[in-house]
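Chemist: Everything below, folded, please.
(chains A, B and C)
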Amino acid sequence: MADQPQYDVLIVGAGIAGSIIASELAAAGKRVLILEAGQGVPDNRSEYMDNFYLSNAKTPESPYPPLGLQPAHEATPRPTILGLNVWTDPNQSYLIQPQPETPQPQNLPFASTYERVGGGTTWHWLGTSLRLVPHDLEMYSYYNVFDKAADWPIGYDELSQLYGRAEAEIGVSASVAQQAPLENAIGLTYPPGYQYPLNPIPLSVVDQTVSQGVSGLDSPVSDDKPVFVTPTPAGRNSQPYQNRRVCAGNTNCIPICPIQAKYDATVTLGKALNTGNVTVTYKAVVSKVLTDANGSISGVQYIPWDRQVNPTPGEVQTATAATYVLAAHAIEIPKILLLSANEQFPKGIANRSDQVGRNLMDHVIYLSWALSAAGQPVYPYRGPLSTSGIESLRDGDFRRQRAAFRMEIGNEGWNFPIGDPYVTVQDFINGTNNSRLNPISPPSQVPFPPPAGPPLGGVELALAINDRLTRQFRIACLLEQSPQAGNRVTLDPTRTDGLGLARPKISYGLDPYTLDGFAAARETSSAIYRQMNATEFTDYQQAQNQAGYFEYEGVPYVLFGAGHVVGTHRMGSDPDGSVTNAAQRSWDHDNLWIVGCGSFPTVSTPNPTLTLAALAFKAAADIRSALGG
Amino acid sequence: MSQDNSPATRLQNFADMSATLTGFQSSVINPLLDPVNLKQLYLDTADAKAGATLVDQLIAQFLSLKGQPAQTLANTLLATNDANPPQTALVARSILKLWYLGSWYPAVPASDPTAGQGTVVSANAYIGGLAWRAAQAHPMGSSQMTFGYWASPPPPLDQFGVDTSSQGGTHG
Amino acid sequence: MRRIRILPFLVLALGLPGIFLGCKRAPAPEPSASSGSPLTSAQTPAAPPGTSASGQPSPPAIQLSPTIPADVAFGSTISLPALQQDFDIFSWNSFNAVIWPPAPGGGGDPGKKPGDTPAGDNPTVWEGYRNVSNVFLPNGKTPTWDGPVDVPPACKPLYQPGMKVLSQIGKTPDLLSETTEPFETGPLVDQNHQYTRFEIVVNRGMFDYILSNSLYSKAGQTTFTGPVKFPCGGGNQVGAIMIKASWKVMGAGDDASRFHTAKALVYTPATVNPPVRESCNAQTVGLVGLHIGHKVNSAPQWIWSTFEQVDNVPTQSEVHAGMLRSHYNYFDPKCKDCAVNKAPPRPWVPNAGTSPATQVVRLDTLPGFASQSAAAQNQTGQALLKGVNPKSVWQYYGLISTQWPTDPGPGNCTASATDPNGNPAPQFLANATLETYIQGTTPNVSSSCIECHGNAAMTTGAASDFTYVLQRAH
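Modeler: Coordinates of the predicted model:
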């Protein structure tokens, strides 16, 4: 290795965290090398959009490579929704997940996905940019749940300042005034005089209907807290920003915004590259982090690849720098750290605490759906995927007993719940009733299997479809899952990817704290539909064969992932109980930073991207000061 | 029955039949100026997937019934009252799904395990799916609307091309 | 993409030739948009569609005339190929009129013809339109149509009246820059490693609408209540016209006798990121691309005519067939491993002079009816211009195609509420110098003038009637 590294910083991963750190440090004159496992940022999004249009299942991963399900033969396989459907089959599922004998709350599949391409998973993020609330940082000391390591090592005032920077970087559209009711409800506050960079995004007809419909409702299960709808701050342009267009309501934030009105990390990556101080090497899969005699990081090894399927692994390369940043995603980071175990660090890099890979969390989703009252259409399938939510139940004393949740109101009808418009349209043409809409057969009134109406055609078909589709809406409750040491990422040395690297092995389940949250989410959702005079159609009775099915206290559920992968290299104030300090600097290696939402001690309820972006600014400042200058 | 089967006439008949099946105005199915030309793509797809012979039988049936009320005609072609629909009706249902969803679904009974396995025909076919219009919406991923449109209800259904006036009437 | 159309059948039934698309509007001049701005009466009178200068109906044809057609003149055949031809003829007549030598009071000088000079070149009408940098002024100041030109301080020592200033933006964040293509898809670098420069101008009608509605400032846009509705051409009035031009710095290998050239101050503002030092150089620049967008009664989505200098790039099929010329503005025939239509790596520093040349190929995305019509009209149009002067530089420009709405809307120069883009034909259209990196056939991504401009908004986020210029307001 060269005595004088060519680079000040080597960053593994060209997603949002890596791009922000690269941009910050390069702007300060530091020389940055980024190694990105996946393919580069395309000149335009036609390849990804073509993949999307032609996908039969328009899953979050559908636009992005690899398109197949053969993780053993792909250069950068990753978890996918299609892979989740076959999660017990390691030939098709990238994640190795032990198979339970019966459906039960333990040993559920880990249901979230991510991308391994330049720009990372922000390609298919929703854009939701909610801030944490103060109690989220002190679940142990305030609510006396979990353990001491669940307290965040950062204060809310500092985080507030960092949020401002992240919101400017992302271009968040919201209004402080519209968020103000959340101060009383859940303690959300902003620094005096703060304004979001962009105007708020208007509420959809669905949002307006729910907002009016829940008027006067107090939560039946959340300490009688008021239930009200708040416009969701989002990284989508409500005004021209960063040379990007305003949102045209393509209703496609996930899997891909066709016009880049939604922020993604390629924006920040472009900014970083514009400095002239950043080099990015794509198709470079990091296989090992190297240490020197002092325990400092001395380099990383990576494998270049040529083609995605059946790649020819290139000769292993070594890259060096003064400092190192792992920004490769909360499952890939523990994979790299564990793969890097050596004589000096037999448990893996940065793992003196034995916390690497543990406390894997997600926003597990309780999904419910309903039909608005006859003659009162809500006109879904229009606008951004989600423009509002019920945030007023995200905090309260009930968090001593069970998980809190936020309620995301969807603008895409029953697309998420049942795959509409496809299922309902086929029902009316076939004369079947998988949707329970031909005829309208609410599960509470019509036992399975519901009778089916005759096939329809002509104008009768168009009118029936119009009636049903324009009345659909859904609510997704994002639950804070408790940190569990046993929910963890390890390696399966026998199952490898197309480059011969061990794939992540997942142990995963839900504890009563989280499960009681599910029950509360179910009760609250149903209360909302009743209050609105909407007819609920949520039905998991027949879902036994669906990935994520479980029963709790006699009630069937299906767990969905939110893609919010958290906890696997948590930060903390105690080197024995955490992997990094508040600046996301490894306790064990003075020149290593481990960043991203894997650093969160708890998942709380807000979608994590804004917080991880805020923390990336803090890490960048710390690295800069460590480098001097 | 004898039938002028020149490509242009056949395409015209296919388009007329498609308007009847879908309940959408001819101007949606077969606009006078049609730079995207889904009707041709869909006829070609039906020929390739179901066989031109069956498609011709279906068109012949449509022509023989022309003049009936559109809804009656659609019901007959689709065999909506028939628990065991003939093969032509299954093809008609696949063509109908093609127009509504932009995907070809095998022309098999609904109970067949492959019945729900659709294949997207093209990007334009996905975008052209009539289901989105029937929902007074737009395809997910392809909005022509401008910022904030979602805050107001959409234009009425007939403006999206559903032939509400023809209910009980006849098709040309 | 499916459209509702009722009226065309009516037209057919009534046998009204020549105004098929126009039938959706009242035959009388538009009361709303055009006459909303009294200043537009200063416009050059335009011939009504389907009539010759003498007022007699005649089949549409390309002619050498200083009169900008106010709308399309339709022939009697209603089909995609026939209408494409009508629109392409409109494009050529628009081109001929905007490249016309200007009269002192504005408009084309009827006593002159384009290219009728010893050098075969001339100053043009469109270059007298108002550059948007003089419309959207710092601090939202009120612009003037013919006041002084905004000259950056660094250019002032070099500036002489009449000089073109290719300055533009860069300092203000969030605005489309003049050195990269739309939405930061990348700069276009010529064979001499020079960045291609862009310029946007608006005609008097468009300027007056912006002025009278105070849309030149953020404050004015914020208080503006209506939908933005630029005037539509028709009858004797041209509508709102915007022109986007691309220019290359003339240098080694460039044959100036094949370009419309201008003396320009090529200004690059200083930026922190990318690290760019301010510069201003007096250069001779050659026109390589020209978009004309014109809002007319037949097309509330505007008509999009795009022209290029003929030496720009080879087509995909020419490359495959090996039928290459020795020199192109944006293609090196000797380079076999140059990545095609790929933006140069960042940082993008416009005045560095060291960026690798962009290897550009025109993708064959046009349907046959469009490419055939363009070829036919180009033959006629170029011959007419050559007929004025065998040395005319204008003979070296050609129409790529015209994008137009096949379903413009219910009439009254209003787009359909359900299909506001009007189902454009051809579905995709790109100028190799202006949409280099988004050529293709992917809906909602690949270059489509109408589809992209349908997303345009003001600084407030409200829709801006198919123009991005309003978002430049301060």
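Chemist: How about the residues of chain A by chain C?
Modeler: Selection of chain A residues close to chain C by C-beta under 8 Å from any C-beta of the partner chain yields A:27, A:43-46, A:49-50, A:53, A:199, A:237-246, A:248, A:250, A:258-261, A:270-271, A:273-276. Every C-beta, even on glycine, is put in place using the N, C-alpha and C of the backbone.
Chemist: let me fix that: chain B
Modeler: Counting by C-beta under 8 Å from any C-beta, chain B sits next to chain C at B:24-25, B:27-29, B:31-36, B:38, B:123-124, B:127-128, B:130, B:133, B:141-142, B:144-148, B:154-155, B:159-161.
Chemist: Check the residues of chain A next to chain C one by one and keep those near chain B.
Modeler: Restricting those to contacts with chain B (C-beta under 8 Å from any C-beta) yields A:49-50, A:53, A:238, A:246, A:248, A:250, A:258.
Chemist: Grab the two from the residues you listed that are most spread out in space.
Modeler: A:Asp50 and A:Ser238 (28.3 Å; C-beta to C-beta).
Chemist: okay, these two: which has more neighbours?
Modeler: A:Ser238 (26 against 19; other C-beta atoms under 10 Å in any protein chain shown).
Chemist: Distance-wise, check that one relative to B:Ala151.
Modeler: Separation of A:Ser238 from B:Ala151 (C-beta to C-beta, to the nearest Å) stands at 12 Å.
Chemist: B:Ile29: how many residues sit nearby?
Modeler: B:Ile29: 26 neighbours (other C-beta under 10 Å).
Chemist: Among the ones next to chain B among the residues of chain A next to chain C, which ones are in helices?
Modeler: A:49-50, A:53 (DSSP state H).
Chemist: can you tell me which of those residues lies nearest to B:Ala89?
Modeler: A:Tyr53 (29.5 Å).
Chemist: correct me, but that closest one touches B:Tyr126?
Modeler: Yes - here A:Tyr53 lies in contact with B:Tyr126, judged by C-beta atoms under 8 Å, at a distance of 4.9 Å.
Chemist: Residues that sit against both of the two, list them.
Modeler: Here A:Tyr53 and B:Tyr126 share the contacting residues B:120, B:141, scored by C-beta atoms under 8 Å, 6 or more residues apart in numbering or on different chains.
Chemist: low-scoring stretches of chain B, by residue?
Modeler: B:1-3, B:166-172 (pLDDT under 70).
Chemist: Please, where are all the strands along it?
Modeler: All strands of chain B, identified by DSSP state E, fall at B:103-104, B:119-120.
Chemist: Could you say which of those is packed most deeply?
Modeler: strand B:103-104 (a mean of 21; mean count of other C-beta atoms under 10 Å in any protein chain shown).
Chemist: Let me see the contact set for B:Gly141.
Modeler: A:49, A:52-53, A:58, A:250-252, A:256, A:258, B:126-127, C:444.
Chemist: Any quick ChimeraX command for the buried ones out of the residues you listed?
Modeler: Selection of buried members from these for ChimeraX, criterion 16 or more other C-beta atoms under 10 Å in any protein chain shown:
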select /A:49,52,53,58,250,251,252,256,258 /B:126,127 /C:444
